[in-house]
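Enquirer: Kindly generate the corresponding structure for this input.
(one chain, ligands or ions: 1)
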Amino acid sequence: LFSAVEMAPRDPILGLNEQFAADPNPNKVNLGVGVYFDDDGKLPLLECVQQAEKAMMEKPSARGYLPIDGIAAYDNAVKGLVFGSASEPVVSGRVATVQALGGTGGLKIGADFLKRLSPGAKVLISDPSWENHRALFTNAGFHVETYAYYDADRRGVNFDAMLASLNAAPVGTIVVLHACCHNPTGYDITSAQWDQVVAVVKTRGLTAFLDMAYQGFGHGIQEDGAVIQKFVAAGLTFFVSTSFSKSFSLYGERVGALSVLCQDKDEAARVLSQLKIMIRTNYSNPPTHGGAVVAAVLNTPQLRALWEQELAGMRARIKVMRQKLVDGLKAAGVQQDMSFMTQQIGMFSYSGLSKDQMVRLRNEFGVYGTDTGRICVAALNSKNIDYVCQAIAKVV
Ligand code: LMR
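Expert: Purely as a prediction, here's the structure:
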């Protein structure tokens, strides 16, 4: 049965973790996967999470099956975070939200549902996009193409080309958009440009699927979620996937969500019933712990304020490291102006380094980033920054 099974390539992002773990280099630095580490190089366990867990442990509860769509208080908190708890879509009951296994799980539930709704639709992802977008939508049965996005020469978004790609898309095309902190480039479009994208989505009859994995890592929780309001104001129905992996530092809990904005409450109930089938036939129902922690934090004012403060701290530290990276590269002798790195936003910097340079960084210095030149600025700290800058200086 298995004799003809071929060896699959390593995952372009998570595969780096495996390689990193096996690397004996004592100076190794993992800038591959999008994970935030503190200035001591440690994965933080947020204080708000610890306090929520402590309160939960004081009243331990048995672990029955959750409802298929997850913890109601969690789903409601997600709706509030994404759309605003007093917003018209939430108050009118036209948002269908399900707890999902991380942001990836939200994307996959949405992709499976869309495949049933629009089996012949094409999916457009940005060029480039998160490495898993193409694979995930392809595995859901879609034909995946790209819309123009990154302009390597100008170091930024080629917005005219992006708009032209979207304008040329057939009616019903599913467009995967990064709500904030574009992964991998770190370049977002402006608020005015979003208005134009929303207008094209509306006039061309496209289906928007917003991936919001980094809310709070750009300019702030509200600011990063502002694009959602634009789609709502345009009267569109659309999909949003949410991840709390990064914003709560709960990577291994696989805690995320999918929200679908529908036309009315009745439609939302029907959509929810279908999403539940996608979940039930894949993994039955979600796990308890991560969702319970996030719900407790988001629904308890004191813990929520603490979370916002801790998230702001992570966001600020990343910005400091961006500047240190630019300064450090200059000090290490890199001639090229790298100040573009401070214009990028979120966890990543698209460094402009070639695949050969990234491979050299890995093999000769134990500095891991993706082959595409993406490095996770959120994993830099005051102890590894000089080493990383010197390593980069040697390969450029
Ligand atoms: C990343 O892009 O590194 C993260 O989103 C982690 C992942 O699942 O790929």
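Enquirer: now stretch 40-57: mean pLDDT?
Expert: Mean per-residue pLDDT for stretch 40-57: 97.
Enquirer: Would you indicate which residues of it are buried?
Expert: Judged by neighbour count (16 or more other CB atoms under 10 Å), stretch 40-57 contains these buried residues: 46, 48-49, 51-53. All C-beta atoms are positioned from the backbone trio N, CA, C, and that covers glycine.
Enquirer: Next: stretch 337-352.
Expert: Buried positions in stretch 337-352, judged by neighbour count with 16+ other CB under 10 Å: 338, 340-341, 344-351.
Enquirer: and the residue in the chain positioned nearest to the ligand, helix, strand or coil?
Expert: Taking CB to the nearest ligand atom, the ligand has its nearest neighbour within the chain at residue 34, 3.2 Å off. Judged by DSSP: H, G, I helix; E, B strand; the rest coil, the three-state class of residue 34 is coil.
Enquirer: excluding its backbone neighbours, what's nearest it?
Expert: Closest residue in space to residue 34, ignoring its immediate chain neighbours: residue 347 at 5.0 Å, by CB to CB, 6 or more residues apart in numbering.
Enquirer: isn't that neighbour right up against residue 318?
Expert: Yes: shown here, residue 347 and residue 318 form a contact pair, counting by CB atoms under 8 Å, at 6.5 Å.
Enquirer: Overlap of the contact sets of these two?
Expert: 36, 217, 377-378 (CB atoms under 8 Å, 6 or more residues apart in numbering).
Enquirer: Got a quick PyMOL command for the buried subset of these?
Expert: Restricted to buried positions by 16+ other CB under 10 Å, the PyMOL selection for the shared contacts of residue 347 and residue 318 reads:
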select buried, resi 36+217+377+378
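Enquirer: Can you add secondary structure, distance to the ligand and pLDDT and give the shared contacts of residue 347 and residue 318 back as CSV?
Expert: Formatted as CSV, the shared contacts of residue 347 and residue 318 follow (DSSP: H, G, I helix; E, B strand; the rest coil; distance: CB to the nearest ligand atom, whole Å; pLDDT from 0 to 100):
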residue, secondary structure, distance to the ligand, pLDDT
36, coil, 11, 98
217, coil, 11, 98
377, helix, 12, 98
378, helix, 10, 98
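Enquirer: How about the contacts made by residue 165?
Expert: Contact analysis of residue 165 by CB under 8 Å, 6+ apart lists 124, 146-148.
Enquirer: Now intersect those with the strands, please.
Expert: Members of the contacts of residue 165 lying in strands (criterion: DSSP state E): 124, 146-148.
Enquirer: ok, residue 207 to residue 172 distance?
Expert: From residue 207 over to residue 172 the distance is 7 Å, taken as CB to CB, to the nearest Å.
Enquirer: Please read the previous query as pertaining to residue 284.
Expert: Relative to residue 172, and taking CB to CB, residue 284 is found at 31 Å.
Enquirer: and those two? which has more neighbours close in?
Expert: residue 172 (14 against 10; other CB atoms under 10 Å).
Enquirer: what about the nearest residue to the more buried one once chain neighbours are set aside, distance to residue 178?
Expert: Nearest non-adjacent residue to residue 172, counting by CB to CB, 6+ apart: residue 121, 5.0 Å away. Distance, residue 121 to residue 178, by CB to CB: 20 Å.
Enquirer: and those two? which has more neighbours close in?
Expert: Legend: neighbour count by other CB under 10 Å for residue 121 and residue 178, higher for residue 178 (25 against 19).
Enquirer: What pLDDT does the model give the more buried one?
Expert: Listed pLDDT for residue 178 reads 98.
Enquirer: Distance check, the closest residue to it other than its chain neighbours against residue 375.
Expert: Nearest non-adjacent residue to residue 178, counting by CB to CB, 6+ apart: residue 211, 5.6 Å away. For residue 211, the distance to residue 375 equals 20 Å [CB to CB].
Enquirer: Now stretch 270-278: buried residues?
Expert: Across stretch 270-278, burial judged by 16+ other CB under 10 Å covers 271-272, 275-276, 278.
Enquirer: what residues does that stretch touch?
Expert: Applying CB under 8 Å, 6+ apart, the external contacts of stretch 270-278 come out as 68-69, 96, 98, 109, 112-113, 116, 258, 260, 262.
Enquirer: List the residues that contact the closest residue in space to residue 130 that isn't next to it in sequence.
Expert: Excluding the flanking residues, the one nearest residue 130 by CB to CB, 6+ apart is residue 183, at 4.5 Å. Contact partners of residue 183, counting by CB under 8 Å, 6+ apart, are 34, 129-130, 213-214, 346-348.
Enquirer: go again using 10 Å as the cut-off
Expert: Contact analysis of residue 183 by CB atoms under 10 Å, 6 or more residues apart in numbering lists 13, 34, 126, 128-133, 211, 213-214, 346-348, 350, 374.
Enquirer: Ok, residue 159 next?
Expert: Contact analysis of residue 159 by CB under 10 Å, 6+ apart lists 148-149, 151, 189-190, 192-193, 196-197.
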